[in-house]
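Engineer: Any chance you could fold what I've pasted below:
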Amino acid sequence: MVMWNRYTKTILHILWVFAIGFAGGATGTIFMKSRGGDVIRAHRFELIDSAGRTSAFLGTQEDQPVLIFVGNQGGGNASSLLHQRALLGVAADGTPILQFRSETGTPSVRLYGNAKPVLLLGNNTGVRVSLGLLQSDTPSINDDDWGLTFRPELATIGVSAVSDPQGKYYRGFVTVRKERKPFPD
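Structural biologist: Numbers count the residues shown, from 1 in each chain. Here you go, the predicted structure:
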């Protein structure tokens with residue numbers, strides 16, 4: 001009779017463990033389905049290197065989505081513009097942005113990918129070359145002049161949209177200014 005009690009207790013313990021495991025698994029499954037299943041939600045993801053420094057950051061800046069790659073100097077601080085080396089994000093107006101920064105934190109390459117994209121190349125003195133839509137002094141939805149500009153606006157080659165009574169057409173242009181501009185410091 002003693003043997004039967006031990007055997008019965010062991011079987012009951014095993015069945016109890018299976019029942020609790022099944023109940024826990026079922027509860028977890030129901031909970032995950034009610035929260036979206038395979039969706040992982042977070043405000044921020046960070047990729048760290050072997051020293052524990054941030055190498056990349058996926059999250060938001062000023063409530064806009066952004067992926068930032070960070071340089072190793074200075075501890076890899078993703079919030080500091082000085083340490084951000086590459087950025088892929090979306091501006092507040094919905095424009096996609098791709099940006100590369102120099103080791104000093106200055107933007108060296110910027111690409112704005114809206115309906116009228118612009119590629120800007122620069123150094124620590126500012127933008128030196130612009131390729132894409134030529135911005136006018138009074139921006140308009142009708143702006144449709146495209147070109148390559150060497151700054152500070154000394155040379156431009158491009159196409160310009162022209163309207164006259166016969167219709168709308170494009171014409172090419174080249175602009176070279178003779179005046180000398182002081183070299184930026």
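
Engineer: For residue 94, list the residues it contacts.
Structural biologist: Counting by Cβ atoms under 8 Å, 6 or more residues apart in numbering, residue 94 touches residue 114. (C-beta placed from N, C-alpha, C; glycine too.)

Engineer: Apologies, that question was intended for residue 99.
Structural biologist: 86-89, 107, 109-111.

Engineer: switch the cut-off to 6 Å
Structural biologist: Contact analysis of residue 99 by Cβ atoms under 6 Å, 6 or more residues apart in numbering lists 87, 107, 110.

Engineer: quick one: least confident of those?
Structural biologist: Taken together, these show their lowest pLDDT at residue 107, with 86.

Engineer: For that one, give the beta-bridge partners.
Structural biologist: residue 101 (DSSP bridges).

Engineer: can you map out the helices along this protein?
Structural biologist: Under the criterion DSSP state H, the chain contains helices at 2-34.

Engineer: Contact partners for residue 174?
Structural biologist: By Cβ under 6 Å, 6+ apart, the neighbours of residue 174 are residue 157.

Engineer: re earlier: out of the contacts of residue 99, which comes closest to residue 63?
Structural biologist: residue 87 (15.6 Å; Cβ to Cβ).

Engineer: That closest one: what's it in contact with?
Structural biologist: 68, 99.

Engineer: Any idea what it is bridged to?
Structural biologist: Applying DSSP bridges, one finds that residue 87 bridges with residue 68, residue 99.

Engineer: Kind regards, and thank you for your time.
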